[in-house]
Structure formats: C-alpha cells, structure tokens
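Q: sharing a sequence plus its predicted fold:
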Protein chains: 2
Amino acid sequence: MVAAAASHRQGHWASIEADIRTHLLQSLPTTPLPVVVKPMHHMINSAVPKPIAPVLCLTACELVGGQRTEAMDAACALHLMHALVRSRARFHPVLGLRAENKSSSPFSDGVLLMTGDGLVSFGFELVARSESSEPSRVLKVILEIAEAIGAAGTAEGLNMVADGATAVEKVCEKTDARLSACGAVCGAILGGAGDEAVERLRRFGLYVGMMHGLLCTEGSSEAAEEFRSLARSELKGFEEGKLDEVRGLVDWWYEQGAVAAVEAARE
Amino acid sequence: MVAAAASHRQGHWASIEADIRTHLLQSLPTTPLPVVVKPMHHMINSAVPKPIAPVLCLTACELVGGQRTEAMDAACALHLMHALVRSRARFHPVLGLRAENKSSSPFSDGVLLMTGDGLVSFGFELVARSESSEPSRVLKVILEIAEAIGAAGTAEGLNMVADGATAVEKVCEKTDARLSACGAVCGAILGGAGDEAVERLRRFGLYVGMMHGLLCTEGSSEAAEEFRSLARSELKGFEEGKLDEVRGLVDWWYEQGAVAAVEAARE
C-alpha cells in the first residue's frame, strides 16, 4: 500500500518533469550554429542534482487555483537557472572541486561559459514572451527570478563559497533553497494568489529547498526533518483537496534526498 | 565654430552618460557583502570601450516623443550588458587575448565570473522593477534585451570567436552592433513608437554600432563611412527639430571612434 503510493507519486512527478523538459526543448531557439545549440542541450540535460524549483512552480500554481500551463514558461526558466548555477561550479575555484564530469565535457570552457550566459537570457526571454498570464504578473515573476539569481541570491551564495564559506546550511539557503522559494512564488503569482498566499508559499518553497539541499549534502538529519515539518505547517489554509499531492511530493523528495546522500557517501 | 559645436556635443553627451551612471549607481542593490558590491562597481566602471547602446536608448526615446526618464532603467540595463560582454573577454580563450588589465584586477576569476552573472540578473531586475512605462512595453523591452544577449545575439558572437571566427565585421554585428540596435529599439518602444519607427530605429542603431565598432577596431574605412551614411538615411521622417542632435551624435561617435583607433595603433 505504501509502496503503491510511492510509485504513484513517482509517476506523477516524473510526468511533471517530462512536461517541463518537453516544453523547454520545444522552446529552444533554432539558431543555425551548432556551437550554441549543442552545449545548450548538454548543460540543460546535465543538471545534477535534479532541480525541484520548476516542479514547485507548477505545484504552487495549481495549489492556488491556476492551470499548470500558466506557470510552464516560468518553470522552464527555473530549470535553466538551476542548470546555470550547477554549471558555474565547473569554472569556480572552490565549487569546481565538487563539479561533475569536469574533464569529460566535449566543450571548451569558453563555450560553456558563454552558453551559461545564453541560458540566463533565454530564461528571461521565455518568461517575457509568455502569453499565458497578465503582463503585470509576468513582470513580477521576472523580478522574482532576477532577484533569486542576482547579487543577493545565488550569485551571492556562489561568491560566498569563492570567498571561503563552508557552512553548508548558509550556502544552501542562498543557492538551491533560494531557487526553490522563487519557484513556489512564481507559480503562486501566475496562479493568481494574493500577497499573503504568495509569502506563505515563499516560505514553503524555502523550507522544502533547505530540506532537500541538506539531505542531498549531509543525509538525514534533525535539521532536514525540522524543515520538512516547517514546510508542511505553511500549507495550512490551502484547499484541502489539493494538499495530499503536495504533502506527498514533500515526502517523496525527503526520501529521494536521503537516498541520494547514501549513494553519494558510497562513492 | 566647428570646434564650438564639437565641444557642445561632447558636453551634451557627457551629461547623458553622467545621468546613466548616477541612476545606475543609485539603483545598485545594497547587499551587506563587499565580495559582491566591490567587483560589481569594478566591472561597471571598467567597460572599455565606452558603450554607446545606453545613449542610443535615451536618444531614441526622446526622438519618438518620449521622456528620457522613461528609458533610464533600460539604458542602465544596457550599460550592464555591455560590461558583461566586455568582462567575458577575461575568461574567454580567444577574446582573453584582447582583454585589458587581465593580470591587474584585484578580484579572482571566480568572483568576477559570478559577478558577471549578477550583472545580467540585476539588469533584468532594474527593467522589471521600472514603473516609468506600461507593463506591456516593459515586457517587450525585456524580451529585446534577452534576445540581444542570448544564443542568437552576443552569446553567439562570443561563441563564434571561441570557435575561431576572425571576421571583424561579423563579430561586431553580433556583439557591439547587436547591443546598439537593441538600445535604439528599447528607447523607441518605451517612448511609445509604432512598429515601423521601432524597426527604422533598430536599423539605425545597428548601423551606428557597426560604424563605431569598425572604427574602434580598424580605424577609418570605407565600410565605416558607408554605415554612417546608412544610419543617417534611417532618420528621414522623424521630427526635424530633434534630428540635429542625433546627427551630431553620430558624427561625434565617428570622430571618437577614429581617434580611438589611432590611439590603439600607437600603443
């Protein structure tokens, strides 16, 4: 019974991720230059660990009564921003130590660097081009994404690492959890939520991101369990009929994060 | 008489550049981390050669009947995008050869790389936050800027160089001239221009950017003179009373570009 529920969740969220990937690949610019397209596909597909911000974006949109399609462009943009943050590890003096496939990439550092810039601008392009929501909501979402990856967001988090920071919790808060909070907020805005619901979902996203980030880095811990509990408490007041799926998602990510940590420790 | 006119132009455009710089520095996020603020100021101030896209943005806005303030955030964003493109030369295997102060920067490569990412997101943040124009116009401007620095814009231009391209004209078209065209278009949109005027000013900005880029790289040439002539021809039909300043600007940039080339050749 438990296994069946877990399998159902896994299938449900795999289908969301597949939707995002399909929309993203369909939306990519068709430029004639393979020097741009090939590394772009490579970077989009090699984001490890998998981003949870895009799924949070679609989930939050549905939770506040919106349609998944309304938040799809923003979800894709968040997938790109996650790929950017991960890819920067490659060039980063400190993060570079943790980067995967550093030597096995078929592309030069210069090409990957410029492609990262291309990913960011394409993310904003996707959202700005979106006609699935009102212009004023779309502008708010662009602002949220810009702040999340900016000088007080992931760029600050990565700079902190470059500057010698080693506190996992602080770095996680500024990078993965920052993007997760942004994902939930963008979905809520596009789904038409009011200010209070937006801020609740911002905290929800942040806590889920902290939980997942800490689990992936350190394995199960009291702190991760605490963040799961905090996240769940932010869900009170939303439509009960939709909450089962959301709670199931949080639990599933909890399990997945713990599994990822065990696997990483084995290597 | 000619000298007096040149001096007047120089003062006029210096004042525009000062306005942009003041607005930009006032708008910078006040983050508590010097690790972000210091390299950001460094990159914004070290953009060489000076960007013409921001000035084109304000000029186009006024030319179509708008107020300079309506286009100020977009002009600042374009200054940031120019700084980004220039700063990437530092990390770029090919462009790096032409980068200035490669070894004299007080910041590590990692910090400058992340700061560049921060510049881009801050540019979009500035425009998205702008309340000086209608949301639908602001969205169009964000889309234009994203496309200009994206996989079919400056990112493609820089990738072409990384891939071995050496044709100055082609690279210039995809980088500096692409941003100049974008500048003129953004100003026109924010100033309320119709589609036809926007497209004329797009070509005007492209030609001016080609003229200036070729002059700075190769000195006076038939091609640069041809682009000046093409640029001027796109101005027909705009309000005659405002065209003197614009034509003067083009001529002044022509002279400045030629001077810069002579100075570069002397070094």
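A: Good, I have the coordinates. Everything numeric in this text was worked out from a predicted model, so none of it was measured.
Q: does residue A:151 fall in a helix, a strand, or a coil region?
A: Three-state call for residue A:151 (DSSP: H, G, I helix; E, B strand; the rest coil): coil.
Q: ok, now which ones touch it?
A: B:29, B:31, B:36, B:37, B:40, B:115, B:118, B:121, B:122 (C-beta atoms under 8 Å, 6 or more residues apart in numbering or on different chains). Just so you know, the C-beta spots here come from the backbone N, C-alpha and C atoms, and that holds for glycine as well.
Q: quick check: which of these has the minimum pLDDT.
A: Among these, residue B:31 carries the weakest pLDDT, at 64.
Q: now render the contacts of residue A:151 as JSON lines, adding distance to chain A, neighbour count and secondary structure.
A: Below are those laid out as JSON lines (distance: C-beta to the nearest C-beta, whole Å; neighbours: other C-beta atoms under 10 Å in any protein chain shown; DSSP: H, G, I helix; E, B strand; the rest coil):
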{"residue": "B:29", "distance to chain A": "5", "neighbour count": "17", "secondary structure": "coil"}
{"residue": "B:31", "distance to chain A": "5", "neighbour count": "18", "secondary structure": "coil"}
{"residue": "B:36", "distance to chain A": "5", "neighbour count": "24", "secondary structure": "helix"}
{"residue": "B:37", "distance to chain A": "8", "neighbour count": "17", "secondary structure": "helix"}
{"residue": "B:40", "distance to chain A": "6", "neighbour count": "23", "secondary structure": "helix"}
{"residue": "B:115", "distance to chain A": "7", "neighbour count": "29", "secondary structure": "helix"}
{"residue": "B:118", "distance to chain A": "4", "neighbour count": "30", "secondary structure": "helix"}
{"residue": "B:121", "distance to chain A": "4", "neighbour count": "26", "secondary structure": "helix"}
{"residue": "B:122", "distance to chain A": "5", "neighbour count": "27", "secondary structure": "helix"}
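Q: widest-spaced pair of those?
A: The distance between the two most remote of those (C-beta to C-beta) is 14.9 Å, for B:37 and B:121.
Q: average pLDDT for the helix or strand hosting residue A:4?
A: According to DSSP states H and E, residue A:4 maps onto helix A:2-27. For helix A:2-27, the mean per-residue pLDDT is 80.
Q: give me the low-pLDDT residue ranges for chain A?
A: A:1-3, A:5-6, A:30-33, A:35, A:47-48, A:89-105, A:162-163, A:165-166, A:264, A:267 (pLDDT under 70).
Q: if we go to 50?
A: Applying pLDDT under 50 to chain A picks out residues A:1, A:96-102.
Q: neighbours of the residue lying closest to residue A:203 once chain neighbours are set aside, how many?
A: With C-beta to C-beta, 6 or more residues apart in numbering or on different chains as the criterion, residue A:203 has its nearest non-adjacent residue at 5.1 Å, and that residue is residue A:234. Using other C-beta atoms under 10 Å in any protein chain shown, residue A:234 has 19 neighbouring residues.
Q: then residue A:157?
A: Look at residue A:157: counted by other C-beta under 10 Å, it has 25 neighbours.
Q: rebuild the contacts of residue A:151 as a markdown table, extending it with distance to residue B:177.
A: Formatted as a markdown table, those follow (distance: C-beta to C-beta, whole Å):
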| residue | distance to residue B:177 |
| --- | --- |
| B:29 | 30 |
| B:31 | 34 |
| B:36 | 31 |
| B:37 | 32 |
| B:40 | 26 |
| B:115 | 25 |
| B:118 | 26 |
| B:121 | 24 |
| B:122 | 24 |
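Q: before we move on, back to that, give me the buried positions along the helix holding residue A:4.
A: A:9, A:13, A:16, A:17, A:19, A:20, A:23, A:24, A:27 (16 or more other C-beta atoms under 10 Å in any protein chain shown).
Q: ok, now stretch A:242-255?
A: The neighbour-count criterion (16+ other C-beta under 10 Å) identifies A:246, A:248, A:249, A:250, A:252, A:253, A:254 as the buried residues of stretch A:242-255.
Q: please flag which of those sit within strands.
A: Among the buried residues of stretch A:242-255, DSSP state E puts none in strands.
Q: which among these gets closest to chain B?
A: Chain B lies nearest to residue A:253 out of these, by C-beta to the nearest C-beta, at 26.2 Å.
Q: contacting residues for that closest one?
A: Taking C-beta under 8 Å, 6+ apart as the test, what residue A:253 contacts is A:52, A:208, A:211, A:212.
Q: state the distance from residue A:27 to residue B:151.
A: 12 Å (C-beta to C-beta, to the nearest Å).
Q: should've said residue A:205
A: 29 Å.
Q: quick one: the residue nearest to residue A:203 and residue A:197 touch, right?
A: No: contact status for residue A:234 versus residue A:197: not in contact, 10.1 Å apart, counting by C-beta atoms under 8 Å.
Q: helices of the stretch 51-200 of chain A, start to end?
A: A:53-63, A:72-88, A:109-129, A:135-148, A:154-162, A:168-174, A:176-190, A:195-218 (DSSP state H, counting those that start in this stretch).
Q: cool, thanks, signing off.
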